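Student: fold the following and give me the result.
(one chain, ligands or ions: 1)
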Amino acid sequence: MTDVQFDYTQQDATGQSCTAHAWAKVPAPLTPSQRTALKDRARALLQQHNAVLVAHYYVDGDLQDLAMETGGCVSDSLEMARFGRDHAAQTLIVAGVRFMGESAKILSPQKRVLMPDLDATCSLDLGCPPDQFAAFCDAHPDRTVVVYANTSAAVKARADWMVTSSCAEAIVRHLHEQGQKILWAPDRHLGSYVQRQTGADMLMWQGDCIVHNEFKGVELELLRQEHPQAKVLVHPESPKSVVDQADVVGSTAQLLKAVMTMDAPEFIVATDNGMFHRMRQSAPTKRLIEAPTAGNSATCKSCAHCPWMAMNALQGVIDCLERGTGEVQVDEPVRTQALGCIDRMLDFVKANPAAISQPSRGFVPNIGAA
Ligand code: SF4
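Tutor: Numbering: from 1, shown residues only. You can find the predicted model right below:
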């Protein structure tokens, strides 16, 4: 494997830490009366503008509740885009990060897609700039380009395939069996996991998610000793030392399903702590324990909560509906090309349901993305 080093979490173009910039924009906590007033206002505006709110599992619990109460959805990134495409509303409010808004626009070009804060991004997206990625692809024309859903529309437009965490293994195995060599981007941990499962020849872009990268194998081992009955749930975007200890490795939707259906009283969960809101609502009798991260120190950029997801707030929903701010635009040639790699994945999944449902270890069959 060839490593491509690219340090993206230290500085942005202005010389500031990207995560510090994001944390500075996270809204202050609301009082109960403020929360009620803002929720009522947002609810009325959604109705007035014939808009639907689609929210990711990692955003603030108030936004998740508002989405569910108003006929929207709370889900993973691909399901958010599919839900928005299939809903009658002509305006989609996407509470999540920018690549999710772009995916919604790619699948629903005729609809208006608004976001509470367009600056909400993702370390995987930030760490894979389209121009550098295109140069990487150009340097390896013999490889099939496979990218994870957590990428910009421009990066998807350069790819042959898009994959989510659930179908990545099946698609890479399929390509490997055809003798194809893979160029993989951007998540190095998910890529390594898929490489271990399939034995494929994979050249890796070296990106990672600042939330899942921070879970610690040694501390997890100690926590498991304290809770010997607990099942361990992780995303494949975590380091190998964490994934190796998992009872279930899967996407957000898959980990939620595991908490609801597995016969265990407690779970250690290595995910963004925004996810616990929906898990607690869906499985109120189960005890959920947060997996250990680097801790609240200078070495911890996220402490198990994504700063860009945290930028989403009720006020942002109100602002984008009242003032039309945060509209997502994707150039038509880019959109059409990006749609090609998404459609290829959807066609593969439809044609190969058996391949998707072969679990490697507690992998709950489904399509999904973290
Ligand atoms: S949790 Fe990780 S993968 Fe998800 S948006 Fe944040 S940085 Fe990106």
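Student: these two touch, right, Val243 and Pro236?
Tutor: Yes - using C-beta atoms under 8 Å, Val243 makes contact with Pro236 at a distance of 6.1 Å. In short, each C-beta sits where N, CA and C put it, glycine included.
Student: what's the neighbour count on the residue of the stretch 251-370 of the chain found nearest the ligand?
Tutor: Of all residues in the stretch 251-370 of the chain, Cys306 sits closest to the ligand, with a separation of 3.2 Å (C-beta to the nearest ligand atom). Cys306 has 27 neighbours, counted by other C-beta atoms under 10 Å.
Student: so what pLDDT did it get?
Tutor: Cys306 carries a pLDDT value of 94.
Student: likewise the one 5 residues further on?
Tutor: With respect to pLDDT, Met311 scores 96.
Student: for Ala120, see how far away it is.
Tutor: Remark: distance between Met311 and Ala120 (C-beta to C-beta, to the nearest Å) = 4 Å.
Student: mutual contacts of those two, please.
Tutor: Ala22 (C-beta atoms under 8 Å, 6 or more residues apart in numbering).
Student: please name the nearest non-neighbouring residue to the residue in the stretch 51-200 of the chain positioned nearest to the ligand.
Tutor: Closest residue of the stretch 51-200 of the chain to the ligand, C-beta to the nearest ligand atom: Cys122 (3.1 Å). Spatially, and ignoring its direct neighbours in sequence, Cys122 is nearest to Val97 (4.7 Å; C-beta to C-beta, 6 or more residues apart in numbering).
Student: my read is that that neighbour contacts Met309, right?
Tutor: Yes - because the distance of 6.4 Å satisfies C-beta under 8 Å, Val97 is recorded as touching Met309.
Student: can you list residues touching both of those two?
Tutor: Common contacts of Val97 and Met309 (C-beta under 8 Å, 6+ apart): His56, Ala120.
Student: for the stretch 51-200 of the chain, which segments are assigned as strands?
Tutor: Applying DSSP state E, counting those that start in this stretch to the stretch 51-200 of the chain gives strands spanning 51-56, 73-75, 91-95, 112-114, 144-148, 161-163, 182-185.
Student: extract the C-alpha trace of the last one and format it as PDB.
Tutor: This means strand 182-185. The C-alpha trace of strand 182-185 is given here as PDB (Å, rounded to 0.1, in the frame of the first residue of the first chain):
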ATOM      1  CA  ILE A 182      -8.700  -0.300  -6.200                       C
ATOM      2  CA  LEU A 183      -7.900   3.300  -5.500                       C
ATOM      3  CA  TRP A 184      -9.800   4.000  -2.200                       C
ATOM      4  CA  ALA A 185     -10.700   7.300  -0.600                       C
END
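Student: parallel or antiparallel, which strands does it pair with?
Tutor: Paired neighbours of strand 182-185 in the sheet (DSSP bridges): strand 144-148 (parallel), strand 202-205 (parallel).
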